[in-house]
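> Generate coordinates for the sequence data below:
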Amino acid sequence: KGNKKELPFGLYITNAVQEEIGLRGAEMITQTIKPNVAIVTDVTHDTTTPMIEMKKEGHLEIGKGPVVAYAPAVQQKLRDLIIDTAEDKKIPFQRSALSRATGTDTDAFAYSNGGVASALISLPLRYMHTTVEMVHKDDVENVIKLIYESLLNIKDGDTFSYFE
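All right, here's what the predicted structure looks like:
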């Protein structure tokens, strides 16, 4: 609104509870709102943090941009729109491959209401679940920019169907 932009769709920005114990908040949100698209944001490990296995988790670092997830719950066409947006707007980003579940609210949104096109943009974080968690200011700003610019690229009526 501050930039005098109008979206051709309704936008809900929500916060969910109980993500760590079964995605219950996201489940309630998706059943109430019944969204067509969900762009979820969460944190992910900076894998250069001590006691994180880079061989298992991949190479992700604070200061190098938001992390765009590849996972079964992440809809490819929506993810492609986000990546194309990042490249077009020169927003730095990283990629993360997740083999099964994302472990985030993305899973609840993706598998609700017959399927919702969902994507995950994560903020890299050092020392997760401790009293000294830290992120890079540029990453916070770039997560916001990436979501904002991606929203501007979603057109009225976009279904993200693989058959269109």
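
> Please make it C-alpha for all contacts and neighbour counts, starting now.
Fine.

> now the strands: where do they sit in this structure?
37-45, 67-70, 94-97, 117-125 (DSSP state E).

> Tell me the strands beside the second one, with direction?
In this case it means strand 67-70. strand 94-97 (parallel), strand 117-125 (antiparallel) (DSSP bridges).

> what mean pLDDT does the first one have?
Strand 94-97 shows a mean pLDDT of 96 in the predicted model.

> Go through this structure and flag its longest helix.
If you go by DSSP state H, the chain has its longest helix at helix 137-153.

> What lies in contact with the least confident helix or strand in the chain by mean pLDDT?
Least confident helix or strand, the chain: helix 54-57 with a mean of 90, by mean pLDDT, DSSP states H and E. For helix 54-57, contacts defined as C-alpha atoms under 8 Å, 6 or more residues apart in numbering pick out Thr47, Thr48.

> What residues of that helix count as buried?
Applying a neighbour-count criterion of 16 or more other C-alpha atoms under 10 Å, one finds Glu57 buried in helix 54-57.

> who's in contact with Gln94?
Gln94 neighbours (C-alpha under 8 Å, 6+ apart): Leu60, Lys64, Gly65, Pro66, Val67, Val68.

> residues near the residue nearest to the fourth one when sequence neighbours are not counted, how many?
Spelled out, that is Pro66. Spatial nearest neighbour of Pro66, excluding adjacent residues (C-alpha to C-alpha, 6 or more residues apart in numbering): Phe93 at 4.8 Å. Phe93: 22 surrounding residues under other C-alpha atoms under 10 Å.

> I'd say Phe93 and Glu61 touch.
No. Under the criterion of C-alpha atoms under 8 Å, Phe93 is not in contact with Glu61, lying 10.3 Å apart.

> Look up phi and psi at the residue nearest to Pro66.
With angles defined as degrees, to the nearest 10, Phe93 sits at phi -150, psi 160.

> picking up where we left off before, pick the most deeply packed of the strands paired with strand 67-70.
The highest mean neighbour count among the strands paired with strand 67-70, using mean count of other C-alpha atoms under 10 Å, belongs to strand 117-125: a mean of 26.

> avg pLDDT for that strand?
Rounded mean pLDDT across strand 117-125 is 97.

> Just the residues contacting it, thanks.
So strand 117-125 is contacted by 36-46, 60-62, 65-69, 73-75, 78-79, 106, 109-110, 133-136, 139-140, 143, 159-160 (C-alpha under 8 Å, 6+ apart).

> ok, back up a step: nearest to Leu11, out of the strands of the chain?
strand 37-45 (9.8 Å; C-alpha to C-alpha).

> Which parts of the closest one count as buried, going by neighbours?
Val37, Ala38, Ile39, Val40, Thr41, Val43, Thr44, His45.
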